[in-house]
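Q: Sequence first, predicted model second:
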Amino acid sequence: MLSVQMLGMQFGGLKALSDVTMDVKHGEFVGVIGPNGAGKTTFFHAISGVHVPTSGKVLIDGAELQGKTPDAFCRAGIARTFQTPRIFGDMTVLENVRFAFLFGNHGASEELINEVIEETHIGALKNEIAGALPPARQRQLEIAMALATSPRLLLLDEVAAGLTEGEVEDVARLISRLRQQYGLTVVWIEHAVRTLMKTVDRVAVLNFGQLLADGSPEQVAADPRVISAYLGDEVSE
C-alpha cells in the first residue's frame, strides 16, 4: 500500500532523513520508535504532504505523491494526527467532526457523523467545546476527525503524549478496534514503547534520520543495537 523509497530530507546543512526505505502492506499496523531528534515526525511530515522531501519517493498503491499538497494526500486516503492535537478549540466536538467530513471532500449525513463520534467514545461530549476537553478526549476527537476523511492509511503521531498510563492503554485498544472495524492500515509513532510493542504487528526504528531496524516487536526487542540505544531496560527487563 505505502511505499517509501530512499526518502531524504535536508534543512540547510542538516540531514533530517537519509535514504529511508519502508513498505507498509494493506491492513498492517506498524510502530515507529526512536529518540527525540531521530526524524520520526519529519518522516510523517514527508509522507503526509506537510514537507516536500529533498529526495526519494512516496507512493500509495503505486501512485507518486511526493511534492503534492496535504489535501492531495488526504484525497489519496492518508489521514494523520499530530503531537499537539489540531482541533478547533472554540467549536463543539460535533462541529469539529462535521468540518473534518467536509475537508475529506465529501458530504455526510448527521447519522454518519454521529456514528464516527460514537465509535471513538466521545458521543456523550458531542456538544462540548473541544478546547475544554481533557487531553485524552482531545486525542479521541482528533482520531475521530481523521476517520471522518475516510482514510485507508492512518498516521498517528504520539497520540499517547500527555496521557496517564491507563489512558494510553485505552487509546491503544481504541486504535486496534478502529483498525479492524474500518479496515485501516496504521503507522504509529510513539514514545510509550511498552504499549506500542504490545499493540503493533511490526516496529521500525529510526536513528539520526536513518532506519536502524525493522521487524516484529520480538525481533526489534531482541536487537542489541535497539535495546542499548532506545529501549534500554524498559523492554529487556
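A: Sure thing, it's come through.

Q: going forward, measure contacts and count neighbours with C-alpha atoms only.
A: Noted.

Q: now stretch 206-226, how far from the centre of its chain.
A: Remark: stretch 206-226 is offset 19 Å from the chain centroid, using CA atoms, centre = their mean, to the nearest Å.

Q: how about it: buried residues?
A: Across stretch 206-226, burial judged by 16 or more other CA atoms under 10 Å covers 206-211, 213-217, 220-221, 226.

Q: Now go through the residues you listed and say which are in strands.
A: Of the positions in these, L206, N207, Q210, L211, A213, D214, G215 sit in strands, assigned by DSSP state E.

Q: Give me the three-state assignment for the closest residue to I47 other than its chain neighbours.
A: Of all residues not flanking I47 in the chain, V58 sits nearest, at 6.3 Å (CA to CA, 6 or more residues apart in numbering). Three-state assignment for V58 (DSSP: H, G, I helix; E, B strand; the rest coil): strand.

Q: Where does pLDDT dip in the protein?
A: The model of the chain has pLDDT under 70 over residues 104-107, 230-237.

Q: can I see the domain layout of it?
A: Residue ranges for the domains of the chain, per automatic domain parsing: 1-71+154-162+185-237, 78-150.

Q: what residues are up against the residue nearest to M197 when sequence neighbours are not counted?
A: Nearest residue to M197 in three dimensions, chain neighbours excluded: P217, at 5.5 Å (CA to CA, 6+ apart). P217 makes contact with M197, K198, V200, D201, R202, V203 under the criterion CA atoms under 8 Å, 6 or more residues apart in numbering.

Q: What separation do you get for P217 and A160?
A: Distance of P217 to A160, given as CA to CA, to the nearest Å: 19 Å.

Q: And the residue nearest the centre of this protein?
A: Note on the chain: the residue nearest the mean C-alpha position is L156, at 1.6 Å, using CA atoms, centre = their mean.

Q: Checking my notes, that one in a helix, right?
A: No. Counting by three-state DSSP, L156 is not found in a helix; it is strand.

Q: What is the burial count for the nearest residue in space to it that is not next to it in sequence?
A: The shortest distance from L156 to any non-neighbouring residue, by CA to CA, 6+ apart, is to W188 (4.6 Å). The tally of other residues near W188 (other CA atoms under 10 Å) stands at 25.

Q: Could you do L112 as well?
A: Count around L112 with other CA under 10 Å applied: 14.

Q: Begin at 52 from now on, thanks
A: Will do, 52 is the new start, and the previous item becomes L163.

Q: That one in helix, strand or coil?
A: Classified using three-state DSSP, L163 is helix.

Q: show me the contacts for it.
A: Going by CA under 8 Å, 6+ apart, the list of residues near L163 is empty.

Q: Distance check, it against F152.
A: As judged by CA to CA, L163 and F152 stand 10 Å apart.

Q: Show me what the strand or helix carrying G217 is in contact with.
A: Assessed by DSSP states H and E, G217 sits inside helix 216-233. Residues lying outside helix 216-233 but in contact with it, judged by CA under 8 Å, 6+ apart, are 78, 170-171, 187, 191, 210-211, 235-237, 243, 246-247, 250.
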